[in-house]
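> have a look at this prediction, sequence included:
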Amino acid sequence: MPFSQELKPKKPLNKRSSWPELWFKDKALKHVVFKMQLDSLTRARPPESEKKVALDFTSLLSDELLLRILSNLPVSQRKTNSLVCKRWLSLQGRLVHSVKLLDWNFLLSGRLLSRFPNLTDVDLVAACIDSPRNSGILLTHKLLSVHLDADFSPGGFVPEDNLLPPATIDRGLRVLARGCPNLRKLVLIAANEAGLSSVAEECPTLQELELHHCTDLALHGISACKNLQILKLIGTVDGFYSSLVSDIGLTFLANGCKRLVKLELSGCEGSYDGIKAIGQCCQMLEELMLCDHRMDGGWMAALSFCENLKTLKLQSCKRIDPTPGPVEHLGSLPALQRLQLQRCQLRDQQSVKSLFLICDAVREMDFQDCWGLDNEMFSFASHCRRVKSLSLEGCSLLTTDCLESVILSWKELQSLRVVSCNNIKDSEVTPALSSLFSVLKELKWRPDSRSLLSSGLAGSGVGKKKGRLFKKI
(Lines give C-alpha, C1' and ligand atoms only; values in the text may rest on other atoms or scores of the structure.)
Protein backbone atom coordinates (compact mmCIF):
# COMPACT_ATOMS: atom_id res chain seq x y z
CA MET A 1 0.00 0.00 0.00
CA PRO A 2 1.56 2.96 -1.10
CA PHE A 3 2.43 5.43 1.62
CA SER A 4 1.04 8.89 1.15
CA GLN A 5 2.24 12.06 2.91
CA GLU A 6 0.89 15.54 2.59
CA LEU A 7 3.61 17.84 1.53
CA LYS A 8 3.69 21.15 3.39
CA PRO A 9 5.68 24.16 2.26
CA LYS A 10 8.90 24.56 3.99
CA LYS A 11 9.02 27.11 6.70
CA PRO A 12 11.26 29.95 5.67
CA LEU A 13 14.49 30.43 7.54
CA ASN A 14 14.45 32.98 10.32
CA LYS A 15 16.15 36.17 9.10
CA ARG A 16 17.89 38.54 11.47
CA SER A 17 15.91 41.79 11.74
CA SER A 18 17.60 45.16 11.15
CA TRP A 19 17.58 48.05 13.65
CA PRO A 20 15.14 50.19 11.65
CA GLU A 21 12.67 47.27 11.51
CA LEU A 22 12.87 46.75 15.23
CA TRP A 23 12.34 50.53 15.85
CA PHE A 24 9.29 50.83 13.67
CA LYS A 25 7.64 47.64 14.99
CA ASP A 26 7.14 49.44 18.28
CA LYS A 27 4.64 52.31 18.20
CA ALA A 28 6.39 54.05 21.08
CA LEU A 29 9.66 54.05 19.17
CA LYS A 30 7.86 55.36 16.11
CA HIS A 31 6.57 58.27 18.20
CA VAL A 32 10.04 59.06 19.53
CA VAL A 33 11.57 59.13 16.07
CA PHE A 34 8.78 61.31 14.74
CA LYS A 35 9.20 63.70 17.66
CA MET A 36 12.94 63.94 17.02
CA GLN A 37 12.36 64.71 13.35
CA LEU A 38 9.76 67.33 14.23
CA ASP A 39 12.10 69.04 16.70
CA SER A 40 14.89 69.17 14.15
CA LEU A 41 12.58 70.76 11.61
CA THR A 42 11.38 73.25 14.24
CA ARG A 43 14.91 74.29 15.04
CA ALA A 44 15.74 74.70 11.37
CA ARG A 45 12.70 76.87 10.64
CA PRO A 46 11.32 78.68 13.69
CA PRO A 47 7.66 79.64 13.56
CA GLU A 48 6.73 83.16 12.55
CA SER A 49 5.79 84.11 16.10
CA GLU A 50 9.29 83.28 17.32
CA LYS A 51 10.82 85.31 14.50
CA LYS A 52 9.03 88.48 15.54
CA VAL A 53 9.17 88.24 19.31
CA ALA A 54 12.52 88.01 21.13
CA LEU A 55 12.86 87.85 24.89
CA ASP A 56 14.39 91.11 26.24
CA PHE A 57 15.65 90.59 29.76
CA THR A 58 16.38 94.34 30.16
CA SER A 59 12.63 94.96 30.00
CA LEU A 60 12.51 93.56 33.52
CA LEU A 61 14.63 96.51 34.73
CA SER A 62 13.15 99.89 35.57
CA ASP A 63 14.29 102.97 33.68
CA GLU A 64 16.06 104.29 36.76
CA LEU A 65 18.06 101.09 37.24
CA LEU A 66 18.95 100.77 33.56
CA LEU A 67 20.03 104.42 33.51
CA ARG A 68 22.42 103.73 36.38
CA ILE A 69 23.90 100.83 34.45
CA LEU A 70 24.26 102.77 31.20
CA SER A 71 25.78 105.76 32.96
CA ASN A 72 28.68 103.60 34.16
CA LEU A 73 29.60 102.46 30.66
CA PRO A 74 32.33 104.32 28.72
CA VAL A 75 31.23 107.40 26.81
CA SER A 76 32.65 105.86 23.63
CA GLN A 77 29.92 103.18 23.76
CA ARG A 78 26.97 105.56 23.95
CA LYS A 79 26.42 105.72 20.20
CA THR A 80 26.48 101.92 19.93
CA ASN A 81 24.17 101.49 22.92
CA SER A 82 21.61 103.87 21.44
CA LEU A 83 21.22 101.55 18.43
CA VAL A 84 20.00 98.59 20.50
CA CYS A 85 16.34 99.60 20.64
CA LYS A 86 14.08 102.63 20.96
CA ARG A 87 14.07 102.42 24.72
CA TRP A 88 17.85 102.46 24.92
CA LEU A 89 17.92 105.34 22.44
CA SER A 90 15.65 107.34 24.73
CA LEU A 91 17.61 106.47 27.86
CA GLN A 92 20.94 107.35 26.24
CA GLY A 93 19.48 110.72 25.30
CA ARG A 94 18.71 111.37 28.95
CA LEU A 95 22.38 110.82 29.80
CA VAL A 96 23.60 113.52 27.39
CA HIS A 97 24.11 116.90 29.06
CA SER A 98 26.28 118.72 26.51
CA VAL A 99 25.74 119.21 22.77
CA LYS A 100 27.18 121.30 19.95
CA LEU A 101 24.32 122.00 17.54
CA LEU A 102 24.96 122.07 13.79
CA ASP A 103 21.39 122.38 12.42
CA TRP A 104 19.15 125.19 13.69
CA ASN A 105 15.99 123.46 12.41
CA PHE A 106 16.73 120.57 14.75
CA LEU A 107 16.17 123.04 17.61
CA LEU A 108 13.14 124.80 16.12
CA SER A 109 11.34 121.51 15.43
CA GLY A 110 11.62 120.46 19.07
CA ARG A 111 13.56 117.31 18.22
CA LEU A 112 16.65 118.47 20.07
CA LEU A 113 14.85 118.76 23.39
CA SER A 114 12.80 115.60 22.94
CA ARG A 115 15.95 113.68 22.06
CA PHE A 116 18.07 115.20 24.86
CA PRO A 117 15.74 116.38 27.65
CA ASN A 118 18.43 116.92 30.31
CA LEU A 119 20.76 119.34 28.53
CA THR A 120 22.78 121.73 30.69
CA ASP A 121 25.53 122.80 28.24
CA VAL A 122 24.60 123.96 24.71
CA ASP A 123 26.81 125.45 21.96
CA LEU A 124 24.78 127.11 19.17
CA VAL A 125 27.54 129.00 17.29
CA ALA A 126 27.96 126.58 14.38
CA ALA A 127 24.19 126.32 13.84
CA CYS A 128 23.82 130.11 13.61
CA ILE A 129 26.37 130.40 10.79
CA ASP A 130 25.10 129.50 7.34
CA SER A 131 28.20 127.88 5.86
CA PRO A 132 28.64 124.91 3.47
CA ARG A 133 29.05 121.75 5.55
CA ASN A 134 30.48 119.78 2.63
CA SER A 135 33.22 122.31 1.94
CA GLY A 136 36.78 121.05 2.00
CA ILE A 137 37.98 124.36 3.48
CA LEU A 138 37.77 124.59 7.27
CA LEU A 139 39.12 127.74 8.91
CA THR A 140 39.88 127.31 12.59
CA HIS A 141 40.39 130.13 15.05
CA LYS A 142 40.95 129.80 18.78
CA LEU A 143 37.39 131.08 19.26
CA LEU A 144 35.47 129.34 16.45
CA SER A 145 35.70 127.24 13.25
CA VAL A 146 33.85 127.87 9.97
CA HIS A 147 33.59 126.12 6.60
CA LEU A 148 34.34 128.34 3.60
CA ASP A 149 33.39 128.39 -0.07
CA ALA A 150 36.08 128.60 -2.71
CA ASP A 151 34.98 132.18 -3.46
CA PHE A 152 35.03 133.46 0.11
CA SER A 153 35.79 137.11 0.80
CA PRO A 154 38.99 137.69 2.79
CA GLY A 155 37.50 140.85 4.27
CA GLY A 156 35.42 138.86 6.73
CA PHE A 157 34.97 135.11 7.00
CA VAL A 158 31.64 135.44 8.86
CA PRO A 159 29.76 138.27 7.08
CA GLU A 160 26.33 139.43 8.22
CA ASP A 161 24.68 137.61 5.32
CA ASN A 162 25.97 134.28 6.60
CA LEU A 163 24.33 134.67 10.00
CA LEU A 164 20.77 133.56 10.68
CA PRO A 165 18.15 136.35 10.83
CA PRO A 166 17.70 137.80 14.33
CA ALA A 167 14.04 136.73 14.45
CA THR A 168 15.02 133.11 13.72
CA ILE A 169 17.65 133.15 16.46
CA ASP A 170 15.16 134.66 18.93
CA ARG A 171 12.60 131.97 18.15
CA GLY A 172 15.16 129.23 18.69
CA LEU A 173 16.30 130.73 21.99
CA ARG A 174 12.72 130.80 23.25
CA VAL A 175 12.32 127.12 22.38
CA LEU A 176 15.57 126.32 24.16
CA ALA A 177 14.72 128.38 27.23
CA ARG A 178 11.32 126.71 27.67
CA GLY A 179 12.73 123.22 27.20
CA CYS A 180 15.93 123.57 29.25
CA PRO A 181 15.06 125.28 32.55
CA ASN A 182 18.20 123.75 34.12
CA LEU A 183 20.57 125.19 31.53
CA ARG A 184 23.94 126.10 33.05
CA LYS A 185 26.15 127.02 30.08
CA LEU A 186 25.27 128.59 26.73
CA VAL A 187 27.45 129.61 23.76
CA LEU A 188 25.92 131.54 20.86
CA ILE A 189 26.55 134.22 18.25
CA ALA A 190 24.67 137.28 17.00
CA ALA A 191 21.94 137.08 19.64
CA ASN A 192 19.90 140.19 20.46
CA GLU A 193 18.06 141.50 23.47
CA ALA A 194 14.75 139.64 23.04
CA GLY A 195 16.27 136.18 22.73
CA LEU A 196 18.69 136.66 25.62
CA SER A 197 15.90 138.06 27.80
CA SER A 198 13.88 134.86 27.35
CA VAL A 199 16.92 132.79 28.35
CA ALA A 200 17.53 134.98 31.40
CA GLU A 201 13.91 134.66 32.54
CA GLU A 202 13.38 130.93 31.86
CA CYS A 203 16.81 129.61 32.94
CA PRO A 204 17.48 130.83 36.49
CA THR A 205 20.37 128.38 36.95
CA LEU A 206 22.40 129.76 34.03
CA GLN A 207 25.95 130.25 35.33
CA GLU A 208 28.20 130.50 32.26
CA LEU A 209 27.58 132.45 29.07
CA GLU A 210 29.74 133.03 25.96
CA LEU A 211 28.53 135.60 23.45
CA HIS A 212 30.13 136.01 20.02
CA HIS A 213 29.42 139.02 17.80
CA CYS A 214 28.06 140.74 20.87
CA THR A 215 26.57 144.27 21.00
CA ASP A 216 25.65 146.74 23.73
CA LEU A 217 21.93 146.16 23.26
CA ALA A 218 22.35 142.41 23.61
CA LEU A 219 23.99 142.94 27.00
CA HIS A 220 20.85 144.68 28.17
CA GLY A 221 19.05 141.36 27.61
CA ILE A 222 21.23 139.40 30.04
CA SER A 223 20.79 141.88 32.89
CA ALA A 224 18.19 139.48 34.34
CA CYS A 225 20.77 136.66 34.67
CA LYS A 226 21.05 137.08 38.41
CA ASN A 227 23.10 133.91 38.98
CA LEU A 228 25.54 134.36 36.11
CA GLN A 229 29.10 133.76 37.32
CA ILE A 230 31.26 133.34 34.19
CA LEU A 231 30.85 135.62 31.17
CA LYS A 232 32.89 135.79 27.96
CA LEU A 233 32.16 138.62 25.53
CA ILE A 234 33.65 138.63 22.02
CA GLY A 235 32.99 141.90 20.22
CA THR A 236 35.41 141.82 17.29
CA VAL A 237 37.60 139.08 15.84
CA ASP A 238 39.91 140.46 13.17
CA GLY A 239 39.15 138.94 9.79
CA PHE A 240 35.98 137.16 10.96
CA TYR A 241 33.38 139.63 12.21
CA SER A 242 33.07 143.01 13.91
CA SER A 243 30.63 144.33 16.50
CA LEU A 244 30.62 146.96 19.22
CA VAL A 245 30.82 146.50 22.97
CA SER A 246 31.38 149.83 24.72
CA ASP A 247 30.88 151.44 28.12
CA ILE A 248 27.10 151.35 27.54
CA GLY A 249 27.04 147.57 27.33
CA LEU A 250 29.51 147.18 30.20
CA THR A 251 27.27 149.35 32.39
CA PHE A 252 24.20 147.23 31.49
CA LEU A 253 26.23 144.18 32.40
CA ALA A 254 27.47 145.59 35.70
CA ASN A 255 24.02 146.64 36.92
CA GLY A 256 22.44 143.27 36.11
CA CYS A 257 25.01 140.52 36.67
CA LYS A 258 26.28 141.37 40.13
CA ARG A 259 27.39 137.83 40.97
CA LEU A 260 30.06 137.63 38.29
CA VAL A 261 33.20 135.82 39.38
CA LYS A 262 35.04 135.62 36.04
CA LEU A 263 34.81 138.10 33.15
CA GLU A 264 36.61 137.92 29.79
CA LEU A 265 36.45 140.81 27.32
CA SER A 266 37.78 139.97 23.85
CA GLY A 267 37.87 142.59 21.10
CA CYS A 268 35.77 144.95 23.23
CA GLU A 269 35.91 148.72 23.46
CA GLY A 270 35.36 150.75 26.58
CA SER A 271 37.08 153.13 28.94
CA TYR A 272 37.45 154.15 32.55
CA ASP A 273 33.69 154.40 33.06
CA GLY A 274 32.89 150.85 31.93
CA ILE A 275 35.62 149.20 34.04
CA LYS A 276 34.66 151.36 37.02
CA ALA A 277 31.01 150.28 36.78
CA ILE A 278 32.05 146.63 36.75
CA GLY A 279 34.35 147.11 39.73
CA GLN A 280 31.72 148.92 41.79
CA CYS A 281 28.77 146.63 41.01
CA CYS A 282 30.40 143.20 40.56
CA GLN A 283 32.07 143.00 43.95
CA MET A 284 32.49 139.21 43.73
CA LEU A 285 34.66 139.49 40.60
CA GLU A 286 37.89 137.50 41.08
CA GLU A 287 39.27 137.11 37.54
CA LEU A 288 39.40 139.66 34.72
CA MET A 289 40.86 138.88 31.30
CA LEU A 290 41.27 141.32 28.43
CA CYS A 291 42.10 139.88 25.01
CA ASP A 292 42.97 142.13 22.07
CA HIS A 293 41.18 145.01 23.79
CA ARG A 294 40.30 148.33 22.19
CA MET A 295 40.01 150.29 25.44
CA ASP A 296 40.46 154.04 25.47
CA GLY A 297 43.36 155.59 27.33
CA GLY A 298 42.97 155.81 31.08
CA TRP A 299 40.98 152.61 31.57
CA MET A 300 43.65 151.04 33.75
CA ALA A 301 43.10 153.53 36.59
CA ALA A 302 39.61 152.03 37.08
CA LEU A 303 41.06 148.63 38.03
CA SER A 304 41.44 149.76 41.62
CA PHE A 305 37.64 149.58 41.98
CA CYS A 306 37.88 145.77 41.61
CA GLU A 307 38.84 145.34 45.23
CA ASN A 308 38.50 141.54 45.32
CA LEU A 309 40.23 140.83 42.01
CA LYS A 310 42.68 137.93 42.35
CA THR A 311 43.74 137.31 38.73
CA LEU A 312 44.43 139.83 35.97
CA LYS A 313 45.24 138.50 32.47
CA LEU A 314 46.19 140.45 29.35
CA GLN A 315 46.36 138.40 26.15
CA SER A 316 47.22 139.38 22.57
CA CYS A 317 46.91 143.09 23.38
CA LYS A 318 48.56 145.44 20.90
CA ARG A 319 48.86 148.03 23.65
CA ILE A 320 48.20 148.23 27.37
CA ASP A 321 47.16 151.83 28.14
CA PRO A 322 48.73 154.72 26.23
CA THR A 323 47.63 157.34 28.79
CA PRO A 324 47.32 155.72 32.22
CA GLY A 325 47.22 159.08 34.00
CA PRO A 326 49.01 160.42 37.06
CA VAL A 327 50.56 157.84 39.37
CA GLU A 328 48.69 159.16 42.40
CA HIS A 329 45.35 158.38 40.72
CA LEU A 330 46.11 154.78 39.77
CA GLY A 331 45.31 153.06 43.04
CA SER A 332 46.10 149.37 43.58
CA LEU A 333 44.63 145.87 43.73
CA PRO A 334 45.10 144.68 47.33
CA ALA A 335 43.77 141.13 46.78
CA LEU A 336 45.65 140.41 43.51
CA GLN A 337 47.37 137.03 43.43
CA ARG A 338 48.38 136.58 39.80
CA LEU A 339 49.36 138.81 36.88
CA GLN A 340 49.66 137.13 33.48
CA LEU A 341 50.67 138.67 30.14
CA GLN A 342 50.65 136.51 27.00
CA ARG A 343 51.64 137.59 23.49
CA CYS A 344 51.27 141.28 24.34
CA GLN A 345 53.10 144.17 22.70
CA LEU A 346 54.70 146.25 25.41
CA ARG A 347 55.52 149.43 23.50
CA ASP A 348 55.19 152.10 26.18
CA GLN A 349 57.28 152.25 29.35
CA GLN A 350 54.82 154.43 31.21
CA SER A 351 51.95 152.00 30.75
CA VAL A 352 54.09 149.05 31.91
CA LYS A 353 55.26 151.00 34.96
CA SER A 354 51.67 151.94 35.81
CA LEU A 355 50.63 148.30 35.50
CA PHE A 356 53.28 147.20 37.98
CA LEU A 357 52.29 149.98 40.38
CA ILE A 358 48.64 148.92 40.28
CA CYS A 359 49.67 145.28 40.80
CA ASP A 360 52.17 145.96 43.59
CA ALA A 361 50.54 143.31 45.84
CA VAL A 362 50.76 140.50 43.27
CA ARG A 363 52.19 137.13 44.34
CA GLU A 364 52.68 135.44 40.95
CA MET A 365 53.95 136.93 37.68
CA ASP A 366 53.82 135.21 34.31
CA PHE A 367 55.20 136.73 31.08
CA GLN A 368 54.96 134.67 27.90
CA ASP A 369 56.11 135.80 24.43
CA CYS A 370 55.68 139.49 25.21
CA TRP A 371 57.27 141.60 22.49
CA GLY A 372 59.19 144.66 23.71
CA LEU A 373 59.73 143.64 27.34
CA ASP A 374 63.25 144.93 27.84
CA ASN A 375 65.44 145.55 30.90
CA GLU A 376 64.14 149.03 31.60
CA MET A 377 60.51 147.92 31.55
CA PHE A 378 61.09 144.82 33.63
CA SER A 379 63.03 146.80 36.22
CA PHE A 380 59.72 148.43 37.25
CA ALA A 381 58.68 145.01 38.57
CA SER A 382 60.86 145.64 41.61
CA HIS A 383 57.93 147.69 42.98
CA CYS A 384 56.11 144.37 43.53
CA ARG A 385 57.78 143.33 46.78
CA ARG A 386 55.56 140.32 47.59
CA VAL A 387 56.22 138.18 44.51
CA LYS A 388 56.64 134.49 45.32
CA SER A 389 56.64 133.03 41.79
CA LEU A 390 58.04 134.33 38.49
CA SER A 391 57.74 132.73 35.05
CA LEU A 392 59.48 134.14 31.98
CA GLU A 393 59.13 132.53 28.56
CA GLY A 394 60.11 133.94 25.20
CA CYS A 395 61.34 137.26 26.65
CA SER A 396 64.41 137.56 24.45
CA LEU A 397 65.32 141.17 25.36
CA LEU A 398 65.90 140.53 29.06
CA THR A 399 69.44 140.02 30.31
CA THR A 400 70.88 138.25 33.31
CA ASP A 401 71.84 141.50 35.06
CA CYS A 402 68.30 142.88 35.00
CA LEU A 403 66.78 139.58 36.10
CA GLU A 404 69.20 139.36 39.00
CA SER A 405 68.62 142.90 40.20
CA VAL A 406 64.85 142.40 40.26
CA ILE A 407 64.56 138.97 41.84
CA LEU A 408 67.18 139.72 44.50
CA SER A 409 64.91 142.53 45.68
CA TRP A 410 62.06 140.04 46.22
CA LYS A 411 62.59 138.59 49.67
CA GLU A 412 59.69 136.11 49.41
CA LEU A 413 60.57 134.52 46.03
CA GLN A 414 60.14 130.73 46.11
CA SER A 415 59.70 129.69 42.46
CA LEU A 416 61.54 130.72 39.28
CA ARG A 417 60.97 129.58 35.71
CA VAL A 418 63.10 130.93 32.84
CA VAL A 419 62.56 129.39 29.38
CA SER A 420 63.64 130.56 25.91
CA CYS A 421 65.08 133.88 27.04
CA ASN A 422 68.17 133.89 24.83
CA ASN A 423 69.90 136.93 26.33
CA ILE A 424 70.02 135.35 29.77
CA LYS A 425 73.28 133.39 29.90
CA ASP A 426 74.64 130.69 32.18
CA SER A 427 78.06 132.32 32.11
CA GLU A 428 76.63 135.50 33.64
CA VAL A 429 75.14 133.82 36.71
CA THR A 430 76.80 135.48 39.71
CA PRO A 431 77.47 133.92 43.14
CA ALA A 432 74.59 135.97 44.56
CA LEU A 433 72.22 134.53 41.96
CA SER A 434 73.55 131.02 42.56
CA SER A 435 72.95 131.49 46.26
CA LEU A 436 69.36 132.45 45.52
CA PHE A 437 68.94 129.33 43.38
CA SER A 438 70.03 127.19 46.31
CA VAL A 439 67.15 128.34 48.53
CA LEU A 440 64.36 128.25 45.95
CA LYS A 441 61.71 125.58 46.32
CA GLU A 442 61.19 125.29 42.57
CA LEU A 443 63.50 126.16 39.68
CA LYS A 444 63.22 125.60 35.94
CA TRP A 445 66.20 127.14 34.20
CA ARG A 446 66.40 126.75 30.43
CA PRO A 447 67.03 130.24 29.01
CA ASP A 448 68.30 128.72 25.75
CA SER A 449 68.94 125.33 24.19
CA ARG A 450 72.62 125.46 25.14
CA SER A 451 72.08 126.04 28.83
CA LEU A 452 74.32 123.78 30.90
CA LEU A 453 73.49 125.13 34.31
CA SER A 454 70.95 122.42 35.09
CA SER A 455 73.43 119.62 34.51
CA GLY A 456 76.12 121.61 36.31
CA LEU A 457 73.93 121.87 39.41
CA ALA A 458 74.14 118.12 39.98
CA GLY A 459 76.29 117.33 42.99
CA SER A 460 76.96 120.98 43.84
CA GLY A 461 74.35 121.21 46.58
CA VAL A 462 72.41 123.88 44.65
CA GLY A 463 68.78 122.99 44.51
CA LYS A 464 68.53 121.58 48.01
CA LYS A 465 66.74 123.19 50.87
CA LYS A 466 66.62 121.31 54.15
CA GLY A 467 67.03 118.04 52.34
CA ARG A 468 64.24 118.64 49.79
CA LEU A 469 64.91 118.83 46.06
CA PHE A 470 63.19 121.47 43.97
CA LYS A 471 62.08 120.82 40.40
CA LYS A 472 64.58 121.40 37.63
CA ILE A 473 65.35 120.02 34.16
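Cool, the structure landed.
> burial of the residue nearest to Ser242 when sequence neighbours are not counted, as a residue count?
Spatial nearest neighbour of Ser242, excluding adjacent residues (C-beta to C-beta, 6 or more residues apart in numbering): Thr236 at 4.6 Å. Using the backbone N, CA and C atoms, a C-beta is placed for each residue, glycine as well. Residues near Thr236, counting by other C-beta atoms under 10 Å, number 19.
> poorly predicted segments of the stretch 51-200 of the chain, please.
51-58, 60-61, 78, 132-136, 139, 142-145, 147-156 (pLDDT under 70).
> which parts of it are helices?
Secondary structure of the stretch 51-200 of the chain (DSSP state H, counting those that start in this stretch): helices located at 63-71, 78-81, 86-95, 104-108, 111-115, 125-128, 166-179, 193-202.
> of all the ones you listed, which one is nearest Leu288?
Comparison of those against Leu288 by C-beta to C-beta identifies helix 193-202 as nearest, at 22.0 Å.
> and the next element down the chain from the closest one?
Per DSSP states H and E, the first helix or strand lying C-terminal to helix 193-202 is strand 208-212.
> so what touches the next helix-or-strand element following that following strand?
Note on strand 208-212: by DSSP H and E, the next helix or strand toward the C-terminus is helix 216-221. Helix 216-221 has contacts (C-beta atoms under 8 Å, 6 or more residues apart in numbering) with 191-197, 200, 211, 233, 244-246, 248-250, 252-253.
> any chance of CSV for the helices of the stretch 51-200 of the chain, columns distance to Leu260?
Compiled in CSV, the helices of the stretch 51-200 of the chain are given as follows (distance: least, C-beta to C-beta, whole Å):
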stretch, distance to Leu260
helix 63-71, 33
helix 78-81, 34
helix 86-95, 31
helix 104-108, 27
helix 111-115, 28
helix 125-128, 22
helix 166-179, 21
helix 193-202, 14
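> now those in JSON lines, with mean neighbour count and distance to Gly297?
Shown next, in JSON lines, are the helices of the stretch 51-200 of the chain (neighbours: other C-beta atoms under 10 Å; distance: least, C-beta to C-beta, whole Å):
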{"stretch": "helix 63-71", "mean neighbour count": "13", "distance to Gly297": "54"}
{"stretch": "helix 78-81", "mean neighbour count": "13", "distance to Gly297": "53"}
{"stretch": "helix 86-95", "mean neighbour count": "16", "distance to Gly297": "52"}
{"stretch": "helix 104-108", "mean neighbour count": "17", "distance to Gly297": "41"}
{"stretch": "helix 111-115", "mean neighbour count": "16", "distance to Gly297": "46"}
{"stretch": "helix 125-128", "mean neighbour count": "21", "distance to Gly297": "33"}
{"stretch": "helix 166-179", "mean neighbour count": "18", "distance to Gly297": "34"}
{"stretch": "helix 193-202", "mean neighbour count": "20", "distance to Gly297": "30"}
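> list the contacts for Ala191?
Contacts of Ala191 by C-beta under 8 Å, 6+ apart are 169-170, 173, 211, 214, 218, 221.
> quick check: the farthest pair among the residues you listed?
Checking those with C-beta to C-beta, the most distant pair is Asp170 and Cys214, at 15.3 Å.
> so which strand or helix has Arg385?
Judged by DSSP H and E, Arg385 forms part of no helix or strand.
> sorry, slip of the keys, the one I care about is Leu288.
Using DSSP H and E, the element containing Leu288 is strand 287-291.
> now for that strand, which elements pack on it?
strand 262-266, strand 311-315 (3 or more C-beta pairs under 8 Å, 6 or more residues apart in numbering; DSSP states H and E).
> same list (those) but as CSV, adding distance to Ser438.
Below are the helices and strands packed on strand 287-291 laid out as CSV (distance: least, C-beta to C-beta, whole Å):
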stretch, distance to Ser438
strand 262-266, 38
strand 311-315, 31
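> just put these in TSV and tack on mean neighbour count, distance to Leu290 and mean pLDDT.
Below are the helices and strands packed on strand 287-291 laid out as TSV (neighbours: other C-beta atoms under 10 Å; distance: least, C-beta to C-beta, whole Å; pLDDT from 0 to 100):
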stretch	mean neighbour count	distance to Leu290	mean pLDDT
strand 262-266	22	5	97
strand 311-315	19	6	97
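> so which of those strands is nearest Leu124?
Of the helices and strands packed on strand 287-291, nearest to Leu124 by C-beta to C-beta is strand 262-266, at 18.1 Å.
> wait, Leu408 touches Ala432, no?
Yes: between Leu408 and Ala432 a contact is recorded at 6.4 Å, counting by C-beta atoms under 8 Å.
> these two: which is more packed in?
When neighbours are counted by other C-beta under 10 Å, Leu408 and Ala432 differ, and Leu408 comes out ahead with 15 against 10.
> how close does the more buried one sit to Glu64?
In this view, Leu408 and Glu64 are 64 Å apart by C-beta to C-beta, to the nearest Å.
> of the helices of the stretch 51-200 of the chain, give the one that comes closest to Cys384.
For these, proximity to Cys384 was assessed by C-beta to C-beta; helix 125-128 is nearest, at 38.9 Å.
> quick revisit: what residues does the strand holding Leu288 touch?
By C-beta under 8 Å, 6+ apart, strand 287-291 touches 261-268, 303, 306, 309-317.
> ok, stretch 377-385 next?
346, 349, 352-353, 356-357, 359-362, 365, 387, 395, 398, 402-403, 405-406, 409-412.
> those residues, buried ones only, as a ChimeraX selection?
Those of these that count as buried under 16 or more other C-beta atoms under 10 Å are selected in ChimeraX with:
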select :346,352,353,356,357,359,360,362,365,387,395,398,402,403,406,410
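> the strands in the stretch 351-473 of the chain, which residues?
Taking DSSP state E, counting those that start in this stretch, the strands of the stretch 351-473 of the chain run over residues 364-368, 389-393, 415-419, 442-446, 464-465, 468-469.
> okay if I get these as a markdown table plus mean pLDDT?
Listed next are the strands of the stretch 351-473 of the chain as a markdown table, based on pLDDT from 0 to 100:
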| stretch | mean pLDDT |
| --- | --- |
| strand 364-368 | 97 |
| strand 389-393 | 97 |
| strand 415-419 | 96 |
| strand 442-446 | 94 |
| strand 464-465 | 45 |
| strand 468-469 | 39 |
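> wait, which of those strands is closest to Leu70?
strand 364-368 (42.9 Å).
> the closest one vs strand 389-393, what angle?
Using axes from the mean of the first three to the mean of the last three C-alpha atoms, to 10 degrees, the inter-axis angle of strand 364-368 relative to strand 389-393 is 0 degrees.
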